[in-house]
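S.K.: Have a look at this prediction, sequence included:
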Amino acid sequence: MPLVKDQRHSPFIDFPPEASSLAIRGLSLAYGDKQALNNLTLRVPRHRVTAFIGPSGCGKSTLLRVLNRLHDLNDEVVRGGEVRLEGEDIHAPEVAVAELRRRVGMVFQAPNPFPMSIHDNVAFGLRLQGGLSKRKRDDIIEWALRSAALWDEVKDRLRTSAWSLSGGQQQRLVIARTLAVGPEVLLLDEPASALDPISTLKIEELIRNLKSHLTLVLVTHNMQQAARVSDYTAFLQDGELVEYGPTETLFTNPRLARTENYITGRMA
Ligand SMILES: Nc1ncnc2c1ncn2[C@@H]1O[C@H](COP(=O)(O)OP(=O)(O)OP(=O)(O)O)[C@@H](O)[C@H]1O
């Protein structure tokens, strides 16, 4: 992936606009008096995995939630700056939030399948969109379950309750449900932190595979996980972007002492 400026001495990587999916500029956010994000500027490259890491409370989830406008209903939130998805301002008045959330899907820490069958979970968003024949819908459901590496485990019991699946399978079902409506970006907020090690590895493999056609943004507490799955890593502290670079560089040769102290565990 080409970079737009000499990265040897800068703690910030950058990408040309045509290689980025999301462009965040001068983004600040406060919950009432509590400043959570402070003047963040970064671009998220298309069809790559970008990890947000940093100590608890540094603003990782807040930043992720801005990207599909999950703060909209919180009257306390005051935001400044802008976020562009493929060049379009996501906060512009003409943007339909439901369509934005279709394009920018989100998966949370705890798997949250709906109380319905495996099939109906994946069909849910497709039915809301309407306009598809049953045959076409079933093809998309199979494609989404295959893309989420779940098809072989559920193809003979699509009509059973989603809650009969294991936690790891439920999380892959939620990913399939999100994929079914054709997002361009997938936001993952600690997607494996409630899962056992084997399920975690499956989710990580899935994340790596999905970047062939999706842009992925991963919030994780687990630095080994960020190192295993992401191409680029942004380190946040106290609501500020401290360093942003190729994951390998950030973990083996960080530019700043603050980053090094965090990744070596010298700072909680
Ligand atoms: N709904 C909210 N109302 C008020 N303050 C909030 C709210 N959500 C988060 N905060 C505060 O904003 C700051 C950033 O929180 P955020 O959850 O984004 O951090 P984080 O890096 O994701 O933390 P963690 O790793 O613990 O999940 C914290 O000080 C947090 O207490």
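M.R.: In hand now; what should we look at? These numbers come from a predicted model, not from an experiment.

S.K.: list the buried ones in stretch 20-32?
M.R.: 20-24, 27, 29-30 (16 or more other Cβ atoms under 10 Å). The way it works is simple: take the backbone N, C-alpha and C, and place the C-beta from them, glycine included.

S.K.: can I get the CA coordinates of the helix or strand hosting residue 99 in PDB?
M.R.: If you go by DSSP states H and E, residue 99 is part of helix 97-103. The C-alpha coordinates for helix 97-103 follow below in PDB (Å, rounded to 0.1, in the frame of the first residue of the first chain):
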ATOM      1  CA  VAL A  97     -28.300   6.700   9.200                       C
ATOM      2  CA  ALA A  98     -29.800   3.300   8.500                       C
ATOM      3  CA  GLU A  99     -28.000   3.200   5.100                       C
ATOM      4  CA  LEU A 100     -24.800   4.400   6.800                       C
ATOM      5  CA  ARG A 101     -25.100   1.500   9.300                       C
ATOM      6  CA  ARG A 102     -25.600  -0.900   6.400                       C
ATOM      7  CA  ARG A 103     -22.400   0.300   4.800                       C
END
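
S.K.: Report the buried residues of that helix.
M.R.: For helix 97-103, a neighbour-count test (16+ other Cβ under 10 Å) marks 100-103 as buried.

S.K.: Then stretch 34-41?
M.R.: The neighbour-count check on stretch 34-41 (16+ other Cβ under 10 Å) flags 35-38, 40 as buried.

S.K.: which ones are touching the closest residue to residue 101 other than its chain neighbours?
M.R.: Leaving aside its sequence neighbours, residue 101 sits nearest to residue 68 (Cβ to Cβ, 6 or more residues apart in numbering; 5.0 Å). Going by Cβ atoms under 8 Å, 6 or more residues apart in numbering, residue 68 touches 90, 100-101, 104-106, 187.

S.K.: still on that earlier bit, out of the buried residues of stretch 20-32, list just those in helices.
M.R.: Judged by DSSP state H, helices contain none of the buried residues of stretch 20-32.

S.K.: In strands, which of these fall?
M.R.: 20-24, 27, 29-30 (DSSP state E).

S.K.: Dump those residues into a markdown table; add pLDDT and distance to the ligand as well.
M.R.: Formatted as a markdown table, these follow (pLDDT from 0 to 100; distance: Cβ to the nearest ligand atom, whole Å):
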| residue | pLDDT | distance to the ligand |
| --- | --- | --- |
| 20 | 97 | 22 |
| 21 | 98 | 21 |
| 22 | 98 | 17 |
| 23 | 98 | 20 |
| 24 | 98 | 15 |
| 27 | 98 | 13 |
| 29 | 98 | 8 |
| 30 | 98 | 9 |
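
S.K.: Distance of residue 94 relative to residue 88?
M.R.: Residue 94 sits 9 Å away from residue 88, going by Cβ to Cβ, to the nearest Å.

S.K.: higher neighbour count, the two?
M.R.: residue 88 (13 against 6; other Cβ atoms under 10 Å).

S.K.: confidence score at the more buried one?
M.R.: Note on residue 88: pLDDT of 97.

S.K.: Run a quick neighbour tally on the spatially closest residue to it that is not a sequence neighbour.
M.R.: With Cβ to Cβ, 6+ apart as the criterion, residue 88 has its nearest non-adjacent residue at 7.2 Å, and that residue is residue 95. Per other Cβ under 10 Å, the neighbour tally for residue 95 reads 14.

S.K.: surely residue 95 meets residue 85?
M.R.: No: using Cβ atoms under 8 Å, residue 95 makes no contact with residue 85, being 9.0 Å away.

S.K.: and the residue most central in space within the chain, what element?
M.R.: In the chain, the C-alpha nearest the mean C-alpha coordinate belongs to residue 187, at 1.8 Å (Cα atoms, centre = their mean). Assigned by DSSP H and E, residue 187 belongs to strand 185-189.
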